[in-house]
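Enquirer: model the following, please.
(one chain, ligands or ions: 1)
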Amino acid sequence: MNRIIDTHAHLYYPELLSELKDILNRAKDNGIEKIIIPAVNLETSLHILKLTEEHEMLYCAIGIHPGDVKESSFKDIDEIEKLISHEKVVAIGETGLDYYWDKSFIEKQKEFFKLQIEIAKDKNLPIVIHTRDSTEDAINIVRENRNGRLKGQFHCFSGSIEQLKEITELKNFYVSFCGNVTYKKNSGDDIVKACPEGKLLSETDSPFLPPVPYRGKKNEPSYIVKTLEKISEIRNDDYDKLLEKIFYNSLELFFPKSI
Ligand SMILES: [Zn+2]
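Expert: Next comes the predicted model:
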């Protein structure tokens, strides 16, 4: 059986939470050993911690998403910082920059992103980065603030091949692709192909971006195999070997003590 980690699934969405037990069983049946749930603000950070205490396979990233910066305060960051010592916290995030939904808070987004980078360095935890129409700025902020110590993931990568190269040249940075790599109009095959094997992680971004043939449904971790099959097909890689490598990469970033 292949060993898989879904590094990004928002399992606290009501439509997933209502059948969480079945979703986790289907995940296990498909070789998924661990799932990381990323928070988007203080409230979800607290909620997710409870979920991880109830289910052994669940872990979490806690932090403030760029889309939630507008409604969040510095006090929320302080509160999140207090939660980091919890044993199920494996990363800070998701943070990053989003210029697609709301451009009026770009400076506050940058400030919160940098603050969370400092916390990640301080606690020696990886950072989970969301970008939308903002990849270049996010890469620059990481480069200027990483201090040689920061490690992390550019999740649901949607940048250019040049930006991919910039990220993979940063030590200890990884990328992952979502179910949209299976869509007919997906134009990112060359980027999936160009990503070095040692820099690839796996994720679903559940409940969003379900892969073919589940489009129109809510995404869930077990569907990750469809995305991974497509990635190995695009790259012309041996499926089992690719999964083994991706599993190792995920441990290396989020569970370094286990290897
Ligand atoms: Zn997310």
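
Enquirer: avg pLDDT for stretch 168-185?
Expert: Along stretch 168-185, the predicted local confidence has a mean pLDDT of 95.

Enquirer: what segments of the chain are helices?
Expert: When secondary structure is read from DSSP state H, the chain shows helices at 14-17, 20-29, 42-54, 74-83, 106-123, 135-145, 161-169, 189-194, 224-235, 239-254.

Enquirer: next one: residue 182 relative to residue 13, how far apart?
Expert: Computed as CB to CB, to the nearest Å, the residue 182 to residue 13 distance reads 21 Å. Every residue, glycine included, has its C-beta placed from N, CA and C.

Enquirer: also residue 136?
Expert: 30 Å.

Enquirer: do I have it right that residue 51 meets residue 62?
Expert: No - the pair residue 51 and residue 62 fails to qualify as a contact (CB atoms under 8 Å) at a distance of 12.0 Å.

Enquirer: comparing residue 182 and residue 13, which residue is more hemmed in?
Expert: Set side by side, residue 182 and residue 13 give different neighbour counts by other CB atoms under 10 Å, the larger being at residue 182 (23 against 15).

Enquirer: stretch 58-70: end-to-end distance?
Expert: Terminal residues of stretch 58-70 lie 28 Å apart, using CA to CA, to the nearest Å.

Enquirer: what's the local residue count around the residue lying closest to residue 189 once chain neighbours are set aside?
Expert: On the basis of CB to CB, 6 or more residues apart in numbering, the spatially nearest residue to residue 189 that is not a chain neighbour turns out to be residue 234, at 5.1 Å. A count of nearby residues for residue 234, using other CB under 10 Å, gives 18.

Enquirer: just the pLDDT for residue 234.
Expert: Among the per-residue scores, residue 234 holds a pLDDT of 97.

Enquirer: list the contacts of it.
Expert: By CB atoms under 8 Å, 6 or more residues apart in numbering, the contact list for residue 234 reads 181, 189, 192, 193.

Enquirer: can you say which of those residues are buried?
Expert: Among the contacts of residue 234, those that count as buried by neighbour count (16 or more other CB atoms under 10 Å) are 181, 192.
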